[in-house]
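Asks: Provided below for reference: sequence and predicted model.
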Amino acid sequence: MNDLGQDLELRLVRYFTVVAAHQHFGRAAAELHVAQPALSRQIQRLERHLGARLLDRVPQGARLTPAGQRFLPRAQALLHAARQAELAVREQAGTERIAIGYVEDLVITAAVQELRHRYPDAEIATRYLSCRDVGALSDRHVDALIARAPLPIAAADVSTTLLYEEPRMLAVPRGHPLADRASVTAEELAGEEAAPCAFATTDWTSYRILGAGVPPPESYEDKLELVASGRAIAVLPVGDRRSSLRPNLVTVPIQGAPPSQVVLVSRKGDPNPMIRNLRLAAQAALTAPAT
């Protein structure tokens with residue numbers, strides 16, 4: 001039974017094309033930044049709407065059915081036509097607009113003010129993103145993203161501009177053996193594990209729980225609490241001032257660690273002229289915070 005009384009959702013069509021490209025639900029879910037079970041349910045919704053099975057699960061992953069093979073080129077053409085229609089309307093309207101995503105600890109006010117000063121008639125929106133909002137750029141919820149590199153986005157799909165770099169610091173509780181040091185070296189902190197956050201270096205460049213039996217925290221505040229209680233240590237960019245709000249935490253400069261890079265990222269080939277304008281404004285207005 002199909003859902004011919006409902007409109008075909010472009011989001012479901014795009015999900016199908018990504019699964020078809022990877023021939024694997026798990027890899028497609030990773031690219032789309034959605035949970036694999038949720039992706040499977042969305043593909044099933046599309047199949048119900050079309051009244052045909054598009055993909056078969058096989059030991060190697062997923063395989064297009066004859067109906068899927070027939071639908072794929074039309075799905076790709078549909079997505080392309082939708083994007084062209086959007087661009088044509090924007091061009092005809094003559095309205096310059098941009099949605100700018102920014103990540104957790106970064107302050108982009110100066111860049112946004114500079115952009116608005118240069119283009120007072122443009123529609124400029126900002127969107128705060130948590131470390132779980134990694135799909136905002138690829139899903140077109142934002143046109144550009146200001147964040148810390150590296151990002152969980154394929155380099156071939158985006159254009160990246162380095163805005164500035166920051167040194168790193170260690171965050172430990174007062175009374176920790178390293179708390180009174182003038183600095184520590186990167187070698188002393190070797191073995192740190194990657195932060196449990198989709199934006200790998202957005203808030204926690206490196207994070208390690210000390211001792212067994214401690215579940216990985218989800219929020220930044222939970223991580224700070226573990227550090228403050230002596231159950232974790234963290235390596236942060238010096239521009240991340242949030243740890244300074246906790247009087248029981250101490251930060252120590254790290255010598256020899258690679259700098260944290262703040263970058264502006266946009267979809268490769270995006271013709272929106274405001275992306276270039278934002279790049280120029282951000283390069284002019286954003287600098288590394290004083291240490």
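Replies: Alright, I've got the coordinates.
Asks: By mean pLDDT, point me to the weakest helix or strand of the protein.
Replies: In the chain, the helix or strand scored least confidently by mean pLDDT, DSSP states H and E is strand 206-209, which has a mean of 50.
Asks: Low-confidence stretches in the stretch 1-150 of the chain?
Replies: 1-6, 90-95, 131-132, 134 (pLDDT under 70).
Asks: show me where it has strands.
Replies: Along the stretch 1-150 of the chain, the stretches classed as strands by DSSP state E, counting those that start in this stretch are 55-58, 61-64, 97-103, 123-129, 144-149.
Asks: before we move on, the earlier item: could you point out the helix or strand that follows the least confident helix or strand of the chain?
Replies: Helices and strands here follow DSSP states H and E; after strand 206-209, the next one along the chain is helix 220-228.
Asks: Name the next helix or strand following that following helix along the chain.
Replies: Per DSSP H and E, the first helix or strand lying C-terminal to helix 220-228 is strand 232-237.
Asks: export that next one as PDB, just CAs?
Replies: Output in PDB follows, covering the C-alpha atoms of strand 232-237 (Å, rounded to 0.1, in the frame of the first residue of the first chain):
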ATOM      1  CA  ALA A 232      38.800  13.400  34.600                       C
ATOM      2  CA  ILE A 233      41.200  15.800  33.000                       C
ATOM      3  CA  ALA A 234      40.700  17.900  29.900                       C
ATOM      4  CA  VAL A 235      42.700  19.700  27.200                       C
ATOM      5  CA  LEU A 236      41.000  22.800  25.900                       C
ATOM      6  CA  PRO A 237      41.600  25.700  23.500                       C
END
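Asks: mind checking how far that strand is from the chain centre?
Replies: 20 Å (C-alpha atoms, centre = their mean, to the nearest Å).
Asks: cool, and stretch 157-164?
Replies: Here the centre of stretch 157-164 is set off from its chain's centre by 13 Å, with C-alpha atoms, centre = their mean.
Asks: Buried residues, that stretch. List them.
Replies: Neighbour counts over stretch 157-164 (16 or more other C-beta atoms under 10 Å) mark 158-161, 163-164 as buried. For glycine as for every other residue, the C-beta is placed from the backbone atoms N, C-alpha and C.
Asks: So which of those residues are in strands?
Replies: 158-161, 163-164 (DSSP state E).
Asks: how about these in a markdown table, adding distance to residue 233 and pLDDT?
Replies: Shown next, in a markdown table, are these (distance: C-beta to C-beta, whole Å; pLDDT from 0 to 100):
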| residue | distance to residue 233 | pLDDT |
| --- | --- | --- |
| 158 | 32 | 93 |
| 159 | 35 | 94 |
| 160 | 30 | 95 |
| 161 | 32 | 96 |
| 163 | 28 | 96 |
| 164 | 26 | 94 |
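Asks: what pairs with residue 263 across the strands?
Replies: Per DSSP bridges, the residues bridged to residue 263 are residue 147, residue 162.
Asks: so what's it scoring on pLDDT?
Replies: On pLDDT, residue 263 comes in at 95.
Asks: cool, the one 5 residues further on as well?
Replies: Residue 268 is assigned a pLDDT of 92 by the prediction.
Asks: quick one, phi/psi of it?
Replies: Main-chain torsions, residue 268, degrees, to the nearest 10: phi -60, psi 130.
Asks: That one against residue 156, yeah?
Replies: Yes: between residue 268 and residue 156 a contact is recorded at 7.3 Å, counting by C-beta atoms under 8 Å.
Asks: who's more crowded, these two?
Replies: Neighbour comparison, residue 268 and residue 156: the larger count goes to residue 268, with 12 against 6 (by other C-beta atoms under 10 Å).
Asks: ok, that one - contacts?
Replies: Residues near residue 268 by C-beta atoms under 8 Å, 6 or more residues apart in numbering: 156-159.
Asks: For residue 275, see how far away it is.
Replies: 11 Å (C-beta to C-beta, to the nearest Å).
Asks: Tell me how many other residues crowd residue 177.
Replies: By the other C-beta under 10 Å criterion, the neighbourhood of residue 177 contains 7 residues.
Asks: Longest helix in the protein, please.
Replies: Criterion DSSP state H: the longest helix present in the chain is helix 66-93.
Asks: circling back to that earlier point, possible to save the ones in strands among the buried residues of stretch 157-164 as TSV with distance to residue 123?
Replies: Shown next, in TSV, are those (distance: C-beta to C-beta, whole Å):
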residue	distance to residue 123
158	23
159	22
160	24
161	22
163	23
164	27
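Asks: So which residues make contact with stretch 18-31?
Replies: With C-beta under 8 Å, 6+ apart, stretch 18-31 has contacts from 15, 32, 35-36, 38-40, 43, 55, 57, 60-64, 68, 72, 138, 154.
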